[in-house]
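K.L.:
Generate a structure from the sequence data that follows.
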Amino acid sequence: MENFSLLEVDVNGQEIFSVDKTILESFSGRLRKLFSKLTGKTRRLKLIFDKFPGGAECFELIVKFCYNGGRIKITPFNMFQLHCAANYLEMNQEMQEKPNLFEQTISFFQKIHYMTWSELIIGLENCQELIFFMPSSSLLQEFLDCVVGRLEFRYISSPFASSSDNSSMQFSWDISTERRGIYTFQATWWFTDLGFLNLNMFKKIIETMIRNKLDHSVISSFLFYYKRVKCPNASLAQKYRIIETVIKFLYFLDGNFMSIRGLFDILQVSMTLKMNKCSMEKLEQLIGSQLDRAKLDDLLIPSPAGEKIAYNVNLILRLLDIFLSNSHEKLLMYQLKKVAELIDLYIREVAPDAFQVFSIGQGNDRYCKRII
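P.N.:
Reported below is the predicted structural model:
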């Protein structure tokens, strides 16, 4: 006897499942509508999903749910997978005579505030690949708010960190202790825990940090950290998007609480990647506005390839102009003095350049005219 309820399901080209059509469609509004259009009995049915949320692994969870009479254990590991798949297959209130998987996942999300940090990280890691399948942006935002809310407990040891790290690790950002406290591992214990984030989820996490008014010094340090750990193994296109994103968010933060050395590092990478004009202008504005915190080594930036002069003097002049035209903050005498001394050191370093056609005194003239 032919089994007319046998259904083959190809999930994203990853795996083919042989399932009972009748069982699956009894829980799925989408499948029920699809099969209701069939006329007569078809000996062999095959269904192809090209963009099933979560792929074959997630579809297997759905099959288990259906074959188990509408029961499955929802965990931080699978809650986003089941939620997105239930929405995709319309396993919702329309299926009144059957257990409602969509509502079951909604109920589980109400427990996120009671999850441990490690459970939240597991959920976040599984969520980031499903971000575009989420039916409700508010539900995702509530989850991200919960994750960021935990970051305020800064002196809790990370469950993902080793004991040796916990006792010795310290970030070496060159931010003065006069403006902010020294960053220790205890203040940034979660950096490594969130290092796995892809760029899309990274953007959402940073936006959530800003919205929740997390300390700007913490946000900027995490931006620098993300760039440092992600760029080495990234393609040129990926590096470009990472740097562009980091610059975009740094521009919205208070520059007094970020590493000037970190900004110059990003500037070097940006010049190599030939970043767009908008990003370069934002970065130069960030650096120029706090030029008094720079050191001579920061300014010794090589000229672009093809130019005869050794150092990029025009860039330094632009940064100097930005510093002197800083209208949103009154410059103090000690800041002016520090920049004057810095420019003096810079002139001594670049003046011996035999190919330097620009008048070295031009920089000092511009500076003196501004402060008189």
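
K.L.:
just checking, next helix/strand downstream of the helix-or-strand element of the chain with minimal mean pLDDT?
P.N.:
Across the helices and strands of the chain, the lowest-confidence element by mean pLDDT, DSSP states H and E is helix 163-168, at a mean of 35. The helix or strand immediately downstream of helix 163-168 is helix 199-211, counting by DSSP states H and E.

K.L.:
just the angle between the next helix or strand after that next one and helix 199-211, please?
P.N.:
Downstream of helix 199-211, the next assigned helix or strand under DSSP H and E is helix 216-230. Helix 216-230 runs at 170 degrees relative to helix 199-211, counting by axes from the mean of the first three to the mean of the last three C-alpha atoms, to 10 degrees.

K.L.:
Now do the buried residues in helix 216-230.
P.N.:
216-227, 230 (16 or more other C-beta atoms under 10 Å). C-beta: built from backbone N, CA, C; applies to glycine.

K.L.:
Serialize these to CSV and add fields for pLDDT and distance to Met209.
P.N.:
Formatted as CSV, the buried residues of helix 216-230 follow (pLDDT from 0 to 100; distance: C-beta to C-beta, whole Å):
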residue, pLDDT, distance to Met209
His216, 92, 9
Ser217, 91, 12
Val218, 92, 8
Ile219, 94, 5
Ser220, 94, 10
Ser221, 94, 11
Phe222, 96, 8
Leu223, 97, 10
Phe224, 96, 14
Tyr225, 96, 13
Tyr226, 97, 12
Lys227, 97, 16
Lys230, 96, 17
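
K.L.:
And those residues, which is closest to Ile322?
P.N.:
Using C-beta to C-beta, Ser220 comes nearest to Ile322 of these, at 18.7 Å.

K.L.:
my guess is that closest one meets Phe257, correct?
P.N.:
Yes. Under the criterion of C-beta atoms under 8 Å, Ser220 makes contact with Phe257 at 6.0 Å.

K.L.:
Now do the contacts for Pro352.
P.N.:
Pro352 makes contact with no residue, according to C-beta atoms under 8 Å, 6 or more residues apart in numbering.

K.L.:
Just say helix, strand or coil for it.
P.N.:
For Pro352, the secondary structure call by DSSP: H, G, I helix; E, B strand; the rest coil comes out as coil.

K.L.:
so how far is Asp193 from it?
P.N.:
Here Pro352 is placed at a distance of 49 Å from Asp193 (C-beta to C-beta, to the nearest Å).

K.L.:
and what of Ser136?
P.N.:
25 Å.

K.L.:
what about those two, which has more around it?
P.N.:
The residue with more neighbours, out of Ser136 and Asp193, is Asp193; 20 against 12, by other C-beta atoms under 10 Å.

K.L.:
Hmm, that one is touching Ile121, no?
P.N.:
Yes. Assessed by C-beta under 8 Å, Asp193 is found in contact with Ile121 at 5.7 Å.

K.L.:
Walk me through the domains of this structure.
P.N.:
Domain ranges of the chain: 6-149, 151-288, 299-372, per automatic domain parsing.

K.L.:
which stretch in the ones you listed is the model least sure about?
P.N.:
Between the domains of the chain, the lowest average pLDDT goes to domain 299-372, which shows a mean of 76.

K.L.:
center of this protein, which residue is that?
P.N.:
Phe202 (1.6 Å; C-alpha atoms, centre = their mean).

K.L.:
Not counting sequence-adjacent ones, nearest residue to it?
P.N.:
In space, and not counting its chain neighbours, Phe202 is closest to Tyr226: 6.2 Å by C-beta to C-beta, 6 or more residues apart in numbering.

K.L.:
Contacts only, for the one you found.
P.N.:
Gly195, Leu197, Phe202, Ile242, Val246.

K.L.:
And Lys33, how close does it get to Arg44?
P.N.:
With distances taken as C-beta to C-beta, Lys33 is found 21 Å from Arg44.

K.L.:
Excluding covalently adjacent residues, which one is nearest to Met91?
P.N.:
Leaving aside its sequence neighbours, Met91 sits nearest to Leu101 (C-beta to C-beta, 6+ apart; 4.3 Å).

K.L.:
burial count for that neighbour?
P.N.:
27.

K.L.:
What backbone torsions are found at it?
P.N.:
Dihedral pair for Leu101: phi -70, psi -40, per degrees, to the nearest 10.

K.L.:
Tell me which residues touch it, please.
P.N.:
Phe27, Ile62, Phe65, Gly70, Ile72, Leu82, Ala86, Met91.

K.L.:
Specify which member of the residues you listed is nearest to Met271.
P.N.:
Of all the contacts of Leu101, Leu82 has the smallest distance to Met271: 46.4 Å, by C-beta to C-beta.
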